[in-house]
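Colleague: Below is the sequence, then the predicted model.
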Amino acid sequence: MKLEGKGVFLTGGAMGIGRAVVELLLQSGARVLFCDVSEEVGSTTRQELWSTYPESDVIFVQCDVSNATQLTEAFQRAVMEFGAVEVCINNAAIMDERVWEKMIDINQVGVIRGSYLALEHMRRDKGGRGGVIINTASVLGLQYGQWTWAVPVYSSSKRAIIAFTTSWASNPDQGQQGVRWGVVCPDGTVTAINSALGDRVIRHTRDQDGPDSERLAGALRPADVAHAFMTLLDDDDSNGDVIKVHRETKVVNSPIIQTVLEVDNNTDPVDSLKVKKVISKPPCDV
């Protein structure tokens with residue numbers, strides 16, 4: 001997809017991975033409306049983006065994605081500002097096992113609702129222009145056992161998003177709808193969600209320190225992960241691809257993995273991403 005002039009709606013865009021994606025989109029000439037639950041952080045980010053990209057079209061809207069009215073109004077604002085939204089990236093999430101119901105509302109329900117808002121708007125068989133919907137999941141949604149015990153609800157919410165996204169991608173009417181789907185599954189990334197984990201994760205008796213942020217989060221940079229979104233957007237033939245961004249390329253025993261991005265610690269993220277095909281996409285006929 002050529003992004004120049006395209007309207008983009010992105011949640012969780014004030015910092016971390018979301019902000020890194022916004023910057024790449026602006027560099028590609030896209031028009032971006034990003035939302036975030038924090039008015040203060042979002043407004044600061046918008047000012048910084050205006051300073052860095054003075055010719056860009058970037059808008060911030062405060063929005064709690066677990067609030068259906070706020071999310072709908074934010075999406076409609078993007079449509080009003082840009083004429084159409086052709087890219088939707090549902091990225092907002094939290095990690096806090098103490099408030100698991102809220103986490104499901106944000107990580108799962110918010111992503112599904114945002115996807116449906118975009119799908120109904122984009123569908124060519126309903127008069128739309130078509131488009132791309134990309135949802136942010138996690139490597140924890142792809143594996144069992146390794147650290148998932150520390151964040152069981154978070155992991156399950158991310159696994160649900162992978163299943164939801166790939167299910168729509170395999171819909172027999174996908175071609176008529178003209179909407180491509182994709183998922184990005186980052187390994188641990190240096191973001192606010194992975195800092196100062198404390199009681200937000202579950203600890204076990206043999207590990208009194210618990211899964212601290214360094215062990216659980218790893219050291220991926222938001223810029224490393226952001227390029228995975230661009231990979232999906234750039235490939236007009238991609239649909240249902242699940243990209244795992246990891247520092248070690250390996251085949252994961254799962255029927256939904258399509259690509260793995262290997263990141264080299266010692267190089268710039270633009271040059272360090274290597275795409276390796278693992279297995280074919282899930283078939284459309286079931």
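Modeller: Looks like it came in fine.

Colleague: show me the contacts for the most centrally placed residue in the chain.
Modeller: Closest to where the C-alpha atoms of the chain average out (Cα atoms, centre = their mean) is Thr136, at 2.4 Å. Residues in contact with Thr136 (Cβ atoms under 8 Å, 6 or more residues apart in numbering) are Gly12, Ile17, Ile89, Asn90, Asn91, Ala93, Val111, Ile161, Val183, Val184, Pro186. To be clear about C-beta, it is placed using only N, CA and C from the backbone, and glycine gets the same treatment.

Colleague: And it, how close does it get to Met1?
Modeller: 18 Å (Cβ to Cβ, to the nearest Å).

Colleague: So, low pLDDT: which residues of the stretch 101-250 of the chain?
Modeller: Scanning the stretch 101-250 of the chain for pLDDT under 70 picks out the ranges 144-146, 190-219, 247-250.

Colleague: in it, which spans are helices?
Modeller: 110-122, 152-169, 174-177, 213-217, 222-234 (DSSP state H, counting those that start in this stretch).

Colleague: which one of these lies closest to Glu40?
Modeller: When these are compared by Cβ to Cβ, helix 222-234 sits nearest Glu40, at 19.5 Å.

Colleague: which parts of the closest one are buried?
Modeller: Buried residues in helix 222-234, defined by neighbour count with 16 or more other Cβ atoms under 10 Å: Pro222, Ala223, Asp224, Val225, Ala226, His227, Ala228, Phe229, Met230, Thr231, Leu232, Leu233.

Colleague: Spit out the contact partners of Leu24.
Modeller: Ala226, His227, Phe229, Met230.

Colleague: Leu33 falls within a strand, correct?
Modeller: Yes. Assigned with DSSP: H, G, I helix; E, B strand; the rest coil, Leu33 falls within a strand.

Colleague: can you count the residues close to it?
Modeller: Neighbours of Leu33 under the rule other Cβ atoms under 10 Å: 26.

Colleague: what sits up against the biggest strand by length in the chain?
Modeller: In the chain, taking DSSP state E as the definition, the longest strand is strand 179-186. With contacts defined as Cβ under 8 Å, 6+ apart, strand 179-186 is touched by 17, 118-119, 122-124, 130-139, 141-142, 158, 161-162, 165-166, 168-169, 174, 220, 225, 228-229, 232, 236, 238-245.

Colleague: Show me which of those residues are buried.
Modeller: 17, 118-119, 122-123, 131-139, 141-142, 158, 161-162, 165-166, 168-169, 174, 220, 225, 228-229, 232, 238-245.
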